[in-house]
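Asker: Pasting a predicted model and its sequence here:
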Amino acid sequence: ASGFRVSGAPGRGEISASPLMVYAIADLHGDYDQAIAALRLCGLIAADGSWAGGNATLVQTGDQVDRGPDSLKVLELFRTLRRQAAQAGGRVVTLLGNHEALNLEGDFRYVNEAELQSTGRETWSEMFDPEAGAIGAELRGHEAAVVAGEGACRTLFVHAGLRLHHLLDHLRQSGTASTAAAALDALNERMRLALGQARSRPYADLTGDDGPLWYRGFSKGAEAEVCSPLRATLQAVGAWRMVVGHTIVPDHSQPLPRCGGMLHMLDVGMSRAYYGSLAAWRCQQLGGGWAAALPLSPPAAYLSPQAAVAPLQVVYVPEGSPLLAAEEALVGGSLEALPLPLSATA
């Protein structure tokens, strides 16, 4: 069977805006104030709320909407930041979450009642219509999964969890070349097609419990059972870790690593519709082939990038060696094999 190789220019599903610093923020669920607080935690916005991250990359892992009272305001915030970041040479990526998909499907059970009433149910439905609505069209343009960062910061971001068979299935159906970028592009394109007809749901495999917007296996399954398939997905896309939201970490306080650092769970229930916790994530190139994936949470909110913060994962790629040639890496203080990206398979 064909495998994947990392080569060529990034596709839509690959981001290379900033090789040095990549940030992530998980589920916001209609809480504008917490969205602002999380962005400030990362140091990515100025006092007036405008982009101040320069050429950094920020990935928001989906579920901007529902639960809280400010879904539309949160969407507008990130719409503005995407534009401002692009002008500054940076990148803001907003992924699809299951709650964006629910609204596209016409399921408004989780929309904040006050916001739904003030907007009008019919108007809300029209705005989120996947074929004719302005917000619906915008959300369909969001990716389901992306790879961002370079070297040891190369990371796969997805709302809930991406199983390898979804990459293989959609790559085969697309008939494109077997590269990591092509696999993600194929997956994202089929998600766009699925959501374009979301109110009839012809692609239940993508939008159902096993799909990248809902799958909780990597976050909740026994590590003895899920770490191996997680590693297979990472190998396929040439990433060192998968970063997800969707499933709130047990102590809802700070990001949680699983599977020796191959999975980073970021959802701490930030919206005050849940716990009102505050957290974010950063991967930083440290020089000499080293990179660290760090949790950001109070009281470390405004510490400098050089401040001592316990990492979720530390990765070493021998200097002068491409990522694909690395034979071992340091993770959490111990030498072990990492899910090294595949240069080619037969």
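Answerer: Structure received.
Asker: pLDDT weak spots in this protein?
Answerer: 1-20, 170-178, 201-204, 299-309, 317-346 (pLDDT under 70).
Asker: Which stretches in it count as strands?
Answerer: For the chain, the strands defined by DSSP state E occupy 14-15, 21-25, 57-60, 91-94, 145-148, 155-158, 241-244, 256-258, 263-265, 280-287, 290-296, 313-316, 329-331, 334-336.
Asker: packing partners for the second one?
Answerer: Applying 3 or more CB pairs under 8 Å, 6 or more residues apart in numbering; DSSP states H and E, one finds that strand 21-25 makes contact with helix 32-42, strand 57-60, strand 280-287. For every residue, glycine as well, the C-beta is placed using N, CA and C.
Asker: buried ones in the first one?
Answerer: It refers to helix 32-42. Using 16 or more other CB atoms under 10 Å as the test for burial, helix 32-42 gives Tyr32, Gln34, Ala35, Ala37, Ala38, Leu39, Arg40, Leu41, Cys42.
Asker: follow-up on the earlier one: export the strands of the chain to CSV and tack on mean neighbour count and distance to Asp185?
Answerer: Below are the strands of the chain laid out as CSV (neighbours: other CB atoms under 10 Å; distance: least, CB to CB, whole Å):
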stretch, mean neighbour count, distance to Asp185
strand 14-15, 22, 9
strand 21-25, 27, 20
strand 57-60, 29, 17
strand 91-94, 22, 14
strand 145-148, 26, 10
strand 155-158, 30, 14
strand 241-244, 28, 18
strand 256-258, 20, 27
strand 263-265, 25, 23
strand 280-287, 22, 23
strand 290-296, 23, 25
strand 313-316, 22, 26
strand 329-331, 21, 27
strand 334-336, 9, 31
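Asker: for these, which one sits closest to Thr119?
Answerer: strand 91-94 (20.3 Å; CB to CB).
Asker: Give the partner strands of the closest one in its sheet and their orientations.
Answerer: Sheet pairing of strand 91-94 (DSSP bridges) gives strand 57-60 (parallel).
Asker: so what's Asn98 up against?
Answerer: Contacts for Asn98 were tallied using CB atoms under 8 Å, 6 or more residues apart in numbering; they are Gly62, Asp63, His159, Ala160, Leu213, Trp214, His246.
Asker: hmm, 6 Å instead?
Answerer: Leu213, Trp214 (CB atoms under 6 Å, 6 or more residues apart in numbering).
Asker: Please report the distance of it from Gly133.
Answerer: Separation of Asn98 from Gly133 (CB to CB, to the nearest Å): 18 Å.
Asker: And for Val249, nearest residue in space, chain neighbours not counted?
Answerer: Leu256 (4.3 Å; CB to CB, 6 or more residues apart in numbering).
Asker: tell me which residues form a beta bridge with the closest residue in space to Ala239 that isn't next to it in sequence?
Answerer: Closest residue in space to Ala239, ignoring its immediate chain neighbours: Leu156 at 4.1 Å, by CB to CB, 6+ apart. Judged by DSSP bridges, the bridge partners of Leu156 are Val147, Met242.
Asker: and the gap between Leu156 and Ala144?
Answerer: 11 Å.
Asker: How about Gly62?
Answerer: Gly62 is 9 Å from Ala144, by CB to CB.
Asker: Show me the common contact partners of these two, please.
Answerer: Leu96.
Asker: rewinding a little: of all the strands of the chain, which lies closest to Gly208?
Answerer: Here strand 155-158 is closest among the strands of the chain (CB to CB), at 15.1 Å.
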